[in-house]
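> 3D model of this:
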Amino acid sequence: MAARLNSLDAQMAREDEALDQAKNRLAGIQTLLAAARSAVASARDSVESDRQAVQHQAILAYVNGYAPSSIEQILQSSESSEALRQSYLDSITASEQSSVDTLRGALLTLDQRQSQLQGAEAIAAADVAQVRAARDGSARAASAEQSALSQVKGRLADLVAQIDAQQQAAEQASFAGQGAGASLPPPSGAGASLAVSWAQQELGKPYVYGAAGPDSFDCSGLTMYVWGKAGVSLPHSAAAQWDDTVRVPISDLAPGDLVFYYQPVDHVGIYVGGGEMIVAPHTGTNVQYQSIFSGGLDGGGRVG
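Numbers count the residues shown, from 1 in each chain. Below is the predicted model:
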């Protein structure tokens, strides 16, 4: 049962990461779509403005008795006044139509781009909804499993806790042995100290997937938020944070470094020293201290 819960926790971490990435994709498409809509509106305004400007110019030219060089020959002809007027207006209409047609062509291209982005937005929104639905299903399964586990009494629970404690103690001893004879490495700069300080201030706040503060967090939302307070911008994604940091051996972790889990990476916490991190674990928990030595430990990352 405990193994099943661990598996569900890992699955929820993967789904949280997938949801963050899907939401990032949707936000990017929505930004492009907003720009396209603005361009379409501007192009439509230009079509109307250009039409009105040409019409106004035509009226003034005819009424005031002057004309651009392109129709000078028409006005100097011996045709009757009415015939001259019609010929002049035909010329203006052709000129106007050419200008408006050019703008309409641009507008058609923009309309097509807008339509493509609307289709991409619909696909991305469906992806977000699908990932969120899967995540909700996993959360319900984890809640049911947790409820069943809480009813387990007696020796079995004690033995599981004993085994977990022995395993953690062995891993911590191994970690201490790797750095034997050396003191705990200092934080990698003032920024790391500030990030750890902010992480400590978030202790007790609830986990909410997709949240990045200030009142609730998911795992990558927490690390993004606290390092943001230190003046460093990180993406809202554990996998993207892995890509944006420098690899650090577990034995060389310093406070402020990030600790990553699973392959592909989909969970992250901020190391605070002594083999511990501050992390937003999963739905139903709060931001808390945890040992870094839990299932799926993959590696460390130093924020540049």
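> least confident secondary structure element in the protein?
Every helix and strand of the chain was ranked by mean pLDDT, DSSP states H and E. The lowest is helix 72-75, at a mean of 48.
> how about residue 221: what's its closest non-neighbour residue?
residue 212 (3.4 Å; C-beta to C-beta, 6 or more residues apart in numbering). All C-beta atoms are positioned from the backbone trio N, CA, C, and that covers glycine.
> and residue 275, backbone torsions?
In terms of degrees, to the nearest 10, the main-chain angles of residue 275 are phi 80, psi 10.
> again with residue 259
Torsion angles, degrees, to the nearest 10, at residue 259: phi -120, psi 130.
> residues near it, how many?
Residue 259 sits with 26 neighbouring residues when counted by other C-beta atoms under 10 Å.
> was I right to think it contacts residue 300?
Yes - Residue 259 lies in contact with residue 300 (C-beta atoms under 8 Å); the separation is 5.7 Å.
> what touches both of those two?
Residues touching both residue 259 and residue 300 (C-beta atoms under 8 Å, 6 or more residues apart in numbering): 253, 271.
> quick one: the strands in the chain?
245-248, 258-261, 267-273, 276-279, 288-291, 297-303 (DSSP state E).
> which among the ones you listed is found nearest to residue 12?
Minimum separation from residue 12 across the strands of the chain (C-beta to C-beta) falls at strand 267-273, 9.3 Å.
> helices or strands next to the closest one in the packing?
Packing contacts for strand 267-273, counted by 3 or more C-beta pairs under 8 Å, 6 or more residues apart in numbering; DSSP states H and E, involve helix 2-64, helix 190-201, helix 219-229, helix 238-243, strand 258-261, strand 276-279.
> now the residue nearest to residue 239 when sequence neighbours are not counted. Its backbone dihedrals?
With sequence-adjacent residues excluded and distances taken as C-beta to C-beta, 6+ apart, residue 239 is closest to residue 265, at 4.8 Å. Note on residue 265: backbone dihedrals following degrees, to the nearest 10 are phi -60, psi 130.
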